[in-house]
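Novice: Prediction below, plus the sequence it came from.
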Amino acid sequence: MPVESLLLKAHKINKSFGITRALKDADLELEYGQIHGLIGENGSGKSTLASIIAVIQPADSGEIFLDGQPYKPVDSLEAQRQGICMILQEKGTFDNLSVSRNIFIGKENFFSFGGMINIPRMNAAAQKILEKIHAGHIKAAWPITALSFEDRKLVEVARAMYAEPKVLIADETTTALSRNGREILYRIMRDMKKEGHSVIFISHDLDELINVCDSLTILRDGEYVKTFEKKEFVTSVIRHLMVGREVAGNYYRTDMDSCKNPETVFSMEHVYSQKLRDITFDLRKGEILGLGGLAECGMHEIGNIAFGLIPPDLGIVKAGDDKVVINPVKATSLGIAYLSKNRDTESLMTSANIVDNICLASYKKIQKNLFIWNKDEREFAKAWGKKLEIKMTNIHQYVIELSGGNKQKVALAKWLGFGADVLIMDYPTRGIDIGVKVNIYQLMTELKNQGKSIILISEELPEIIGMSDRIIILKDGRIKGEFSREEKVTECKLVDYMI
Amino acid sequence: MKNKIFGILGVFVIPFFLFIFFSLVTPGFGLHSLPIIISQSMIPTMIGFGMCVMFLCGLMDFSVGCRVIFAGVAGAALAQYWGLVGFIIGCIGGSLVSALLVAYLYRYLKIPSMVVSLGFVLIGEALSYSGAELFGFTSLIHIPPSVSVWFAFPYNILWVTGAGIVFYLLLYHTKIGFHIIAVGEDELLAKNMGVIPQNVKTIAYLLSGVFIAIAAFLQTSYAGFLSVTLGGGTMAMVFKPIMGVMIGLTLIRLWNNSPVLIILGEICLTIIFNGLIAAGLPDVFQSIVLGLFLLTILGISGNTEKFRESIRRSHVRKMDPAGY
Amino acid sequence: MRFHMQNSLIGTSVIRRLNLKAIFPLLGLVFVVLFFGFGTKGLVFSKLSLQSMLNEAVYIFIGAIGYAFVLAQGNFDLSVGSVMGVACMTAAMATKINPYLALPVGIITGSIIGLINAFVIVKAGVMAFITTLAMSFMCTGLILIISNGAVVGAPLFMLKWYTVPLKLGVILTFGIAGFFAFERSYYGKISKAIGSSIEAVRQSGTNIVLFRILPFIILGTIAGLLGFISLIRTGTASSSTGSTLMLNVLNAALLGGIPFSGGTTSKFRSVIIGTLTITIMSTGMTILGTSTVNQQLIKGLVFLVTIALSFDRKNLKVIK
């Protein structure tokens, strides 16, 4: 559509974070008076695109047009002045300030007189907006800590609406809201529509988007896929486009048998924690157990508890012959390894070199009579680096310079060098290119064949389906379903259990 | 409303209680100790206000003691020429200059504020000492009584009340106050909201300088002289302020008024110390008691989270899993 | 020193920065040698001056070795000087019972204080800065209590123990032991790793608590030893013993190139280079007649500049 007839047009937006390409020539067209949904899986780039439009972060390249004119504000405040406001996905309120102060942070000049703020006037103005968005039950003078999470989100909504924006971007806002809160938001959106203004609505709840939106854009892996108009909305088609990928050949395991070994190497019994409820499962020798679910279902916590990083409130974590895991030291002594999903901050020392990282868990092995010789370290690291085909300039290269995939290989090398029997891998292929992903899958298969056991925690369903002997699906901290490899379960079926 | 009144009254209970306790138990301690206690609390309170502004902004600054001395030297130097007016200008000027120095060192060296403050203590002490020599003082700096009388009892109460009001208005009624709190809580979020953290932090340093200046007035006038030391000794000046702030702020749920809480916290501390001294604690033991106190208070306040977590866990264990 | 010739993703400006970080300790040493060499007209390298430097170097070198482990973990300790003072005092008092008790008493005193530091910092989680600051304050008070403000003397014959062979022997022993501990032992490797990323070490199954406690205890013990050495060097213990130690030792480690944030890039040779630099600087300044005030000023500036140069900002997103 021609630029002039669109309220907002984003054209060929590119954005990379280091080696990861978050957006590849992404497009978005927003008409006047439209509620436009933006949907995609984790990592699809929807939040990145939205924050670029709101000038929270800059794009690497691309153009944006507002009302037919080029749009290039210097910062988010100017973007707001031009009429684009965003409600962030993360927490956007300050605990130590009151409601009205949270609403007007950064804009206090409207109420100040010689540096002093006219608080009654600010409170009155805040109350007015809260009433306007039908959230009058929140009082402006209250400290924000007195509010529920939902009400705090509504305060953020009030803040965004104060500027009477032409484009409101709501990034996963409804996730924090209950029925009432959502109704409030929908009403605001409809009011905006009446005035010819528009909303970019980001959510992972497809049903909600289908109900509320006039059109829907799908992003996948940072690329624009397709835009649907309301009359074209078909849930299954949209879902398929969200997740489906051109799978060039099958790069997961080729065998279709689940693990038949009865020996249990690891188990969790009736584990409870802040997020988890009655988690009980076991892991057999030579088995790949996939844990899946929505991002917040608690599977990452299971990983933490399994390795002993967090003690469970109730329940036991056991390894092998009934030895209890209480902390990471015990866990590793029982042959358990853990690869965190926060690779850079938790499994690797990015400011150190490859040798130091690979040897980190194996010093007891490498040392000879209490001495750790450089030569031994180097050979150890080189051997494992070669085995995993890590692409590096030399063994002394700093890990921070490696690509995501190679970083993960370093972390794996560390544990393989250590000789772990049970590996807990949390989202191991996050942000990794296809080539290295295939490597890692091959490695996992090899490990399995050697009799090692793996707990694979992942938000990528194809990966879980492709690699696991058994799949456990979690929802809201509970185990909702268990499937074996032979059942050849589909993504759609799993998604049903997840949501 | 009733709750609020009880809260406000409740805050005064502890100092009152402590005073009565020591008056009854210790000979040599009584109503006559009151002026001394108030005077002795005022200086740590001012330093406490200065440090509090920094804490709120997310910065750690142990150079506040050194800056008090620096300001005091400047004030005493100018007092030689211009009397009372010179003293005031000197203290304020010296305090602001040293605050700016630390602020810019922090801003442009880009290292943690704690480290900057340590480095500045060394530099600042040296500068103060040289400055004192330059103006004809030795290591003891004297202030003429005509000047110091304006900052001694009972005028020091006025100064502290004034400072308390300024502190209160600053935090709760000004734009910069909000920004300081916001930056201290979540710098990235504040940046997204259009606040410029670097500028806010520099201003926070300057504002702490205002309170340090008042501390310099009081400190220099307290005994009529100021001693300038080297070797990092000025860092010990932060112990009492930190403790007073921590003690005071634990009661924040009763009354959300930081300045008053800090003042009362310092008073409590001074009562305890003076009480112990009256009870026979030898001078030399004071530093040990002070140090132990500080570590205990910090140890407890730092671990309240862990404590709460273990209580939560033990509760959970007692509950029936089905009803969890 | 490893330089990366390859086109790294981060760009050449970082490579240049890495070079500066790697070279400035040597540059500093060269500068100091030249500056004070010419400034004192060669006096700084005279026999008398060299003897004095040897005395200083004993303290600084050994102290810096202990300090290196603390720094490598990204921590630091402000109480070293005061602990040395207390240990010296207790050793002096111990000689009144039996001169041969001085060494063990001094060392044990240091270890105990180091242990207290360790527990408060690691177990109670109080910041190292304020814990060791408070500890140093308390130690100063302790010295006064034990000595009643007087200067305590040791039996004169103990002064004869302080010979050149002893000094050289101590330096050599600690140098070799320190090198192997820092660069070739499990303890050294883990300490540095903790500085680089404590979470990564924790998630590799290492007993973090133990390794975080050790450096403080060892540093305390070393401070205790230095207290004893001070006693046999001067024959007295007073409240001013050890007052300059902390700053000199810290600066030595930093000037030698150990980053304030610690990590795997910390090297033992930094201790050697740094000790040389600080010793020459200290002695040179004394010969030049620099006042105590100005010495402190210069050391403060050196401290700030060195940290600014070597601080690892890569891992921090914000907030200082």
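Specialist: Nice, I can see it. Numbering: from 1, shown residues only, chains lettered A, B, ... in the order given.
Novice: where do the strands sit along chain C?
Specialist: Ranges of strands in chain C, per DSSP state E, are C:152-153, C:236-237.
Novice: ok, and does the first one reach over to chain B?
Specialist: No: applying Cβ under 8 Å from any Cβ of the partner chain, one finds that strand C:152-153 is not in contact with chain B, the shortest distance being 15.0 Å. The C-beta positions use only the backbone N, C-alpha and C, and glycine is treated the same way.
Novice: Paired strands for that strand, with orientation please.
Specialist: Strand C:152-153 sits in its sheet next to strand C:236-237 (antiparallel), going by DSSP bridges.
Novice: how far does the strand it pairs with sit from the chain's center?
Specialist: Distance of strand C:236-237 from its chain centroid, counting by Cα atoms, centre = their mean, to the nearest Å, is 21 Å.
Novice: try stretch B:208-219
Specialist: So, by Cα atoms, centre = their mean, the centroid of stretch B:208-219 is 10 Å from its chain's centroid.
Novice: these two touch, right, A:Ser178 and A:Glu150?
Specialist: Yes: A:Ser178 is within contact range of A:Glu150, at 5.5 Å (criterion: Cβ atoms under 8 Å).
Novice: Of those two, which one has the most company?
Specialist: Counted by other Cβ atoms under 10 Å in any protein chain shown, A:Ser178 and A:Glu150 do not tie: A:Glu150 has more neighbours, with 17 against 12.
Novice: anything in contact with each of A:Ser178 and A:Glu150?
Specialist: Residues touching both A:Ser178 and A:Glu150 (Cβ atoms under 8 Å, 6 or more residues apart in numbering or on different chains): none.
Novice: Just give me the neighbour total for A:Gly308.
Specialist: For A:Gly308, the count of nearby residues is 24 (other Cβ under 10 Å).
Novice: Tell me who's in contact with the residue lying closest to C:Gly227 once chain neighbours are set aside.
Specialist: In space, and not counting its chain neighbours, C:Gly227 is closest to C:Ala87: 2.9 Å by Cβ to Cβ, 6 or more residues apart in numbering or on different chains. Neighbouring residues of C:Ala87 by Cβ under 8 Å, 6+ apart: C:105-107, C:109-110, C:223-228.
Novice: Now do C:Ala87 against B:Pro197, distance only.
Specialist: Using Cβ to Cβ, to the nearest Å, C:Ala87 is found at 44 Å from B:Pro197.
Novice: Check A:Phe65 too.
Specialist: Taking Cβ to Cβ as the measure, A:Phe65 falls 32 Å from B:Pro197.
Novice: Checking A:Leu28 next. Helix, strand or coil?
Specialist: strand (DSSP: H, G, I helix; E, B strand; the rest coil).
Novice: what pairs with it across the strands?
Specialist: A:Ala10.
Novice: Near it, how many other residues are there?
Specialist: 23.
Novice: wait, what's in contact with it?
Specialist: A:Leu28 touches A:8-10, A:13, A:36, A:38, A:49, A:53, A:200, A:217, A:224, counting by Cβ under 8 Å, 6+ apart.
Novice: Which SSE is immediately downstream of the helix or strand where A:Tyr441 lies?
Specialist: Element membership for A:Tyr441 (DSSP states H and E) is helix A:434-449. Note on helix A:434-449: by DSSP H and E, the next helix or strand toward the C-terminus is strand A:453-457.
Novice: what sits against A:Met189?
Specialist: Residues in contact with A:Met189 (Cβ under 8 Å, 6+ apart) are A:35, A:168, A:199, A:201, A:212.
Novice: And what about the fourth one, helix, strand or coil?
Specialist: The three-state label given to A:Phe201 by three-state DSSP is strand.
Novice: Pretty sure it sits against A:Val212.
Specialist: Yes: contact criterion Cβ under 8 Å: A:Phe201 and A:Val212 qualify, at 6.8 Å.
Novice: Residues in contact with both of those two, list them for me.
Specialist: Common contacts of A:Phe201 and A:Val212 (Cβ under 8 Å, 6+ apart): A:35, A:37, A:189.
Novice: between these, which is nearest A:Ala361?
Specialist: Of all these, A:Ala361 sits closest to A:Gly37, with 45.8 Å by Cβ to Cβ.
Novice: Can you give me the pLDDT of the closest one?
Specialist: Model confidence at A:Gly37, given as pLDDT, is 92.
Novice: same deal with the one 3 residues further on?
Specialist: Here the pLDDT value assigned to A:Gly40 is 81.
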